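Asks: structure of the sequence below:
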Amino acid sequence: MTAIIRNACPSLSEPMRTGDGLLVRLSPASGGFSPGALAGVAQAAFRHGSSMVEVTARGSLQIRGLEESTVAPFAKEIEALGIRVRTGVPVETGPLAGIDVSEITDPLPLAGSIREIIEKKELSLRLGPKVSVVIDGGGRLPMAGILADIRLTATRTKRGVAWQLSIGGTAERAAPIALLDESQARDGAIAALTAIAKLGKQARATHLVPAILRRELTQHALEVSEPDLQQETPLDAKIVFLDRSHLARNSQPIGMFALSANRAAIGVGLPFGQIEGARLAAFCLEAENAGIEEIRLSPGRAILLIAEDISVCEQMRDLAPRFGFIGDAGDTRLCIAACPGSPACSSGHLAARVAGEQLAALGGGLFDNSLSFHVSGCSKGCAHPSAADLTFVGNNDGISLICGGKASESGVLRLEHAEIRHGFARLAGLYREQQRVGETARDCFNRLGAKTVTAAFQGS
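Replies: This next block holds a predicted model:
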C-alpha cells in the first residue's frame, strides 16, 4: 500500500510513501469546503501528520507526514466531517465553475454527465490512476495550464457555445480533435477515454493517434455538421481554437473576483503551496466567523474564500498575511515551485523552500511570469513534474542546474549551495542591464542565448 509508485495518486484508501512519511491527497467531490470542515481537516493533519497542509499546482489538498498507525484515525475524522471525497477518474472544472460571471458557460452539467457515464461504464477500473479530464468553461481562472488527457474547452462560435475536444497536455499543446455541441462533447470524451482504456492501464492520451480518434468520432456521428464551423476549424492537424484569448490571459488566483448573485471571492496563496495546519485551521475559523460561506481549492496553490458581501472578502484579504498566506499577486514566491526539501523530507539533498525564499528575494524583474523556476530537493521533482526554464536540484554531490528540463534530467552545471544565490543575483542583474523596451525576461534570454544563463552561474 505504501510503496513509492511515481505514477500513482495517493488517496485516503491508498496513501503514498514519501521522504517524510505517508502522503494523502484529497479533493471534494464537488465545490469546496465549508470553513469549519477545512479547519477540521487542518486540525486532523496537525494531530495525525506532520502538521503541514499543501495545495498542489492542480488544486488538490495534500496531507503530509502520516504514519501507518495514523492513516485510519485521520480517515475517520475526515468521514466524520461529512466531506465527500472525489474518487475515480478526475473530471476537473475551474475553481469558480458555475459562479464566475465571466465564464463562457457553466461546465458543471457537462462534467456531471461525464462522471455519471464513467461510473456506469466502470471506466475507472480500466484506466490508469493518472488519467484525467478537464472541462474548462473559461472565465477569470481558466484551466488552460493544467495537464489533462481529455480536454473540453468552451468557445464562442457563430452558432453559440461549442466545446473544443483535445487530447494530451495543456490547452496550448493538446492535439485538437473536434468542435462539438454539449451532447457530442460528452460522448466524444467518453469515446476518447474508452480508446485509452483499450490500450491498457499504463496508457495515456498521448498514446492515441489523433487522426484515428477523429475517424472513430466520425463513425459515431460526432462530426461537426455546421458548414461555418467546418470552414473555421477543419478537422485536421492544423485545427485551432476559435477563441484563444483565454490561453494567454494571466490566470493568477490571487485577488478579488466578482461572482454571480452579487457574491465575491478573495484568492490567497500558500507560500510554495504549503502552510502549517494550525495556521490554516485558525484562518478558517476566522473566515467562518466573518461570514465566509465556502472555501475552494485553486490551481496555482491557492484557496478562494467565497462570501455574499465583498466587505467580508476584503476583511479576509487584510487578515491573510497575519496567518502566513500571500495576499499580493505580485509576491515573487508565487513564481517559484519548491518542495519541502531537507530536512523535512528524507529524500531531500537541498532545503528547497529556504532556497526558494532566497531566490524570490533576489530575482526582481525576472519574475514577470514569462519564465518558470523550480527548486527541488531531489530528482523526483514532486513540486513541478514538468519541465521548467530553470531548475535547481539537490543531489549527493551538490546542486544541478537544469535549463529547460525536468528535475530528473541531467544538469548543465554542478553548483555549490552559495552559487545558487550568487548566480541568480548575477542573472537578475544581467536582465536589468540587457533588457530592451517591452522585452520579457524570456525574450531577453532567448536573444542572449543559453550560454549567457549558464555563464552567470559560473561567475562570468
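Asks: isn't Ala281 right up against Gln43?
Replies: Yes. Contact criterion CB atoms under 8 Å: Ala281 and Gln43 qualify, at 4.9 Å. Where C-beta positions appear, they are placed from N, C-alpha and C, glycine not excepted.
Asks: counting neighbours, go ahead and name the busier of the two.
Replies: Set side by side, Ala281 and Gln43 show more neighbours around Ala281, with 23 against 20, by other CB atoms under 10 Å.
Asks: now do the contacts for that one.
Replies: Contact analysis of Ala281 by CB atoms under 8 Å, 6 or more residues apart in numbering lists 39-40, 42-43, 46.
Asks: same deal with Glu409?
Replies: Contacts of Glu409 (CB under 8 Å, 6+ apart): Ile402.
Asks: before we move on, back to that, tell me the one of the contacts of Ala281 nearest Leu208?
Replies: Leu208 lies nearest to Ala42 out of the contacts of Ala281, by CB to CB, at 40.2 Å.
Asks: contacts for whichever helix or strand that closest one is part of?
Replies: Under the criterion of DSSP states H and E, Ala42 resides in helix 35-48. With contact meaning CB under 8 Å, 6+ apart, helix 35-48 is reached by 32-33, 51-53, 61, 63-64, 66-67, 70-71, 73-74, 77-78, 81-83, 276-278, 280-282, 284-285, 287-288, 292, 294-295, 305.
Asks: type out the PyMOL command that picks the buried ones from the residues you listed.
Replies: Restricted to buried positions by 16 or more other CB atoms under 10 Å, the PyMOL selection for the contacts of helix 35-48 reads:
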select buried, resi 32+33+51+52+53+61+63+64+66+70+71+74+77+78+81+83+276+277+280+281+282+284+285+287+288+292+294+295+305
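Asks: circling back: and the contacts of Ala281 as CSV, adding distance to Thr155 and pLDDT?
Replies: Listed next are the contacts of Ala281 as CSV, based on distance: CB to CB, whole Å; pLDDT from 0 to 100:
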residue, distance to Thr155, pLDDT
Ala39, 39, 98
Gly40, 40, 97
Ala42, 38, 97
Gln43, 43, 97
Phe46, 44, 93
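Asks: buried subset of these, written for ChimeraX?
Replies: Those of the contacts of Ala281 that count as buried under 16+ other CB under 10 Å are selected in ChimeraX with:
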select :39,40,42,43,46
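Asks: any chance of CSV for the contacts of Ala281, columns distance to Ala428?
Replies: What follows is the contacts of Ala281, written out as CSV (distance: CB to CB, whole Å):
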residue, distance to Ala428
Ala39, 39
Gly40, 43
Ala42, 36
Gln43, 41
Phe46, 38
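Asks: which of the contacts of Ala281 sits closest to Ile118?
Replies: Distance to Ile118, by CB to CB, is smallest for Gly40 among those, at 29.2 Å.
Asks: can you tell me the SS state at Gly82?
Replies: coil (DSSP: H, G, I helix; E, B strand; the rest coil).
Asks: sorry, back to before: of the contacts of Ala281, closest to Pro321?
Replies: Distance ranking of those against Pro321, using CB to CB, places Ala42 first at 18.0 Å.
Asks: how much space separates that closest one from Leu285?
Replies: Ala42 is 10 Å from Leu285, where distance means CB to CB, to the nearest Å.
Asks: ok, now Ser27?
Replies: Distance check for Ser27 against Leu285: by CB to CB, it reads 22 Å.
Asks: any stretches of the stretch 101-250 of the chain with poor pLDDT?
Replies: Along the stretch 101-250 of the chain, segments meeting pLDDT under 70 span 219-250.
Asks: okay, helices next: where are they in it?
Replies: Along the stretch 101-250 of the chain, counting by DSSP state H, counting those that start in this stretch, helices occupy 108-121, 182-198, 210-219, 227-232, 245-248.
Asks: so which of the ones you listed is the most packed in?
Replies: Neighbour counts (mean count of other CB atoms under 10 Å) averaged over each of the helices of the stretch 101-250 of the chain peak at helix 182-198, with a mean of 20.
Asks: just the ones of the contacts of helix 35-48 in strands?
Replies: Within these, residues falling in strands by DSSP state E are 52-53, 61, 63-64, 66, 276, 294-295, 305.
Asks: reformat those as TSV; add pLDDT and distance to Val133.
Replies: Below are the ones in strands among the contacts of helix 35-48 laid out as TSV (pLDDT from 0 to 100; distance: CB to CB, whole Å):
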residue	pLDDT	distance to Val133
Met52	90	29
Val53	95	26
Leu61	96	20
Ile63	94	25
Arg64	91	27
Leu66	93	28
Glu276	95	33
Glu294	98	23
Ile295	98	24
Leu305	99	27
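Asks: which of the residues you listed sits closest to Gly168?
Replies: If you rank the ones in strands among the contacts of helix 35-48 by distance to Gly168 using CB to CB, Leu61 comes first, at 26.2 Å.
Asks: noted, bye for now.
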